[in-house]
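[1] pasting the sequence and the predicted model now:
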Amino acid sequence: MRSKKDIHKILAWISQMLTCPVCDTHYTSESTRLIESRVESKADESSVIVHSDCKNCRSSVSFNIAMFGPEIFSIGAVSDLTAVDALRFRNNKSLTSDEVISMHTFLETFDGNFDRELK
């Protein structure tokens, strides 16, 4: 089982291994923030969500990193969220399928008049 201390060591190593998908610059540990972590107590499995800001091109990326024993898998997504935004939104309730369908239905007939809709 990995401890939180182990995850922080892995995070420091990963922050130097990951590169910005926009400009290919290596991240620094100072520009990488741990957003969320999960450690499985029954197996040598853990996952972390990491947010990194590129010092070169200033793009932001969120990485989902899964560790299964010695294997590490990473998926990154370019984002307009700052690390502060990511931390703030991580505990928000997920959208329901009804909310998504309702928004889709609204957007199908929306004419772009925000003044009227926001009154």
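    It's in. Residues are numbered from 1 along each chain as shown.
[2] drop to CA atoms for contacts and neighbour counts, all remaining ones
    OK.
[3] can you give me how far stretch 94-103 is from the chain middle?
    21 Å (CA atoms, centre = their mean, to the nearest Å).
[4] buried ones in that stretch?
    Under the neighbour-count criterion of 16 or more other CA atoms under 10 Å, stretch 94-103 has nothing buried.
[5] can you tell me how far Ile35 sits from Phe63?
    Between Ile35 and Phe63 the computed distance is 10 Å (CA to CA, to the nearest Å).
[6] give me the common contacts of those two.
    Ile49, Val50, His51 (CA atoms under 8 Å, 6 or more residues apart in numbering).
[7] top of those by neighbour count?
    His51 (27 neighbours; other CA atoms under 10 Å).
[8] assumed it was part of a strand.
    Yes - judged by DSSP: H, G, I helix; E, B strand; the rest coil, His51 forms part of a strand.
[9] which one is it nearest to, not counting chain neighbours?
    Of all residues not flanking His51 in the chain, Ser62 sits nearest, at 4.4 Å (CA to CA, 6 or more residues apart in numbering).
[10] direction included, what does the helix or strand hosting the one you found pair against?
    Under the criterion of DSSP states H and E, Ser62 resides in strand 60-68. Strand pairing for strand 60-68, using DSSP bridges, gives strand 45-53 (antiparallel), strand 71-79 (antiparallel).
[11] mind listing what's buried along it?
    So, applying 16+ other CA under 10 Å, buried residues of strand 60-68: Ser60, Val61, Ser62, Phe63, Asn64, Ile65, Ala66, Met67.
[12] check the gap between the nearest residue to the fourth one once chain neighbours are set aside and Asn113 for me.
    Ranked by CA to CA, 6+ apart and with sequence neighbours excluded, the top spatial neighbour of Phe63 is Gly76, at 4.2 Å. When CA to CA is the yardstick, Gly76 and Asn113 sit 35 Å from each other.
[13] comparing those two, which residue is more hemmed in?
    Gly76 (17 against 8).
[14] the more buried one and Ala66 touch, don't they?
    No - using CA atoms under 8 Å, Gly76 makes no contact with Ala66, being 11.7 Å away.
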